[in-house]
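Novice: Sequence first, predicted coordinates after that:
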Amino acid sequence: QPGPTTGEMLIDLLSRYPDGATVGELSDQLNRPVSMLLIVLKLLKSEGKVRTRLSESGMARVYFLR
């Protein structure tokens with residue numbers, strides 16, 4: 001029986017980060033490549049499940065649940 005999808009794991013993980021998380025932090029936590037997570041995050045954003053903003057330093061995107 002297959003486990004949870006990467007999208008489901010991302011949503012679960014983001015629920016634990018009320019202040020948001022960068023793709024690097026998510027990659028470290030899920031042990032998945034950044035490139036894969038960017039594809040899934042783009043899909044989740046288009047579905048309205050995730051939103052983004054620039055970090056305070058302006059150097060990274062921070063992802064949040066909607």
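Specialist: Looks like it came in fine. Numbers count the residues shown, from 1 in each chain.
Novice: which residues touch residue 2?
Specialist: Not one residue lies near residue 2 by Cβ atoms under 8 Å, 6 or more residues apart in numbering. (C-beta placed from N, C-alpha, C; glycine too.)
Novice: Run through the strands of the protein in chain order.
Specialist: 21-22, 50-54, 61-65 (DSSP state E).
Novice: Export those strands to a markdown table and append columns for mean neighbour count.
Specialist: Listed next are these as a markdown table, based on neighbours: other Cβ atoms under 10 Å:
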| stretch | mean neighbour count |
| --- | --- |
| strand 21-22 | 18 |
| strand 50-54 | 14 |
| strand 61-65 | 17 |
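Novice: could you dump the ones you listed to a markdown table with mean pLDDT and distance to residue 38?
Specialist: As requested, the strands of the chain are arranged in a markdown table below (pLDDT from 0 to 100; distance: least, Cβ to Cβ, whole Å):
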| stretch | mean pLDDT | distance to residue 38 |
| --- | --- | --- |
| strand 21-22 | 94 | 11 |
| strand 50-54 | 94 | 11 |
| strand 61-65 | 94 | 9 |
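Novice: Can you lay out the ones you listed as JSON lines showing distance to residue 6?
Specialist: Below are the strands of the chain laid out as JSON lines (distance: least, Cβ to Cβ, whole Å):
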{"stretch": "strand 21-22", "distance to residue 6": "15"}
{"stretch": "strand 50-54", "distance to residue 6": "13"}
{"stretch": "strand 61-65", "distance to residue 6": "13"}
